[in-house]
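In: need a 3D model of the sequence below.
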Amino acid sequence: MKNVIALIAFLFIGFAANAQAAGATNTADREAKARAEKMVARMKEKLQLTADQEKAIMPIMVKHYTDMDNLKKSATAPNPPTDMQKAKADIRRVTDRELNRVLTPEQMVKYKEMQKKRGEEGQGK
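Out: Predicted coordinates for the structure are as follows:
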């Protein structure tokens, strides 16, 4: 009888831990999607995106923010800041390559200007 109770308790703890981890993932996914929606809305306004472009860009930006979040979560103290900067730059390069397939050359120039301005504002300039 004790073994059955122990087994049930073990299963319950396992299910609870799994549900909690799934909840954290769902929260992170929702946060990445919310940030992507804000960015696509800014891009729509600044770059005059078409409806087709907007639809194509949304998954690109969700992946971008998900990858950035995963990078931050996986970061450990012994890693030099330059490793983190390089990894972020790699993610940005992939995102830019994907956006380049969707945006016109003029829109891509404006997007780069948006990113540069955003970076300067983030650094307090």
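In: residues near residue 46, how many?
Out: 14 (other Cβ atoms under 10 Å). In this view, the C-beta of every residue, glycine as well, is placed from N, C-alpha and C.
In: if I look at it, how far off is residue 59?
Out: Distance, residue 46 to residue 59, using Cβ to Cβ, to the nearest Å: 20 Å.
In: and what of residue 113?
Out: In this view, residue 113 and residue 59 are 23 Å apart by Cβ to Cβ.
In: now residue 49
Out: Distance from residue 49 to residue 59, by Cβ to Cβ: 14 Å.
In: tell me which residue is most central in this protein.
Out: Among the residues of the chain, the one closest to the centroid is residue 65, at 1.3 Å (Cα atoms, centre = their mean).
In: helix, strand, or coil at that residue?
Out: helix (DSSP: H, G, I helix; E, B strand; the rest coil).
In: report pLDDT for the nearest residue in space to it that is not next to it in sequence.
Out: In space, and not counting its chain neighbours, residue 65 is closest to residue 32: 3.9 Å by Cβ to Cβ, 6 or more residues apart in numbering. The model reports residue 32 with a pLDDT of 92.
In: same check, this time on residue 40
Out: pLDDT, read off for residue 40, is 97.
In: quick one: which of residue 49 and residue 59 has more around it?
Out: Neighbour count, other Cβ under 10 Å: between residue 49 and residue 59, residue 49 has more, with 20 against 12.
In: please name every helix or strand in contact with the strand or helix carrying residue 99.
Out: In the assignment (DSSP states H and E), residue 99 maps to helix 81-100. Counting contacts by 3 or more Cβ pairs under 8 Å, 6 or more residues apart in numbering; DSSP states H and E, helix 81-100 is packed against helix 51-74, helix 105-122.
In: next, the angle helix 51-74 makes with it.
Out: 170 degrees (axes from the mean of the first three to the mean of the last three Cα atoms, to 10 degrees).
In: and the contacts of helix 81-100?
Out: 57, 60, 61, 63, 64, 67, 68, 71, 75, 108, 111 (Cβ atoms under 8 Å, 6 or more residues apart in numbering).
In: if you set the cut-off to 6 Å instead, what comes out?
Out: Helix 81-100 has contacts (Cβ atoms under 6 Å, 6 or more residues apart in numbering) with 60, 64, 67, 68, 71, 75, 108.
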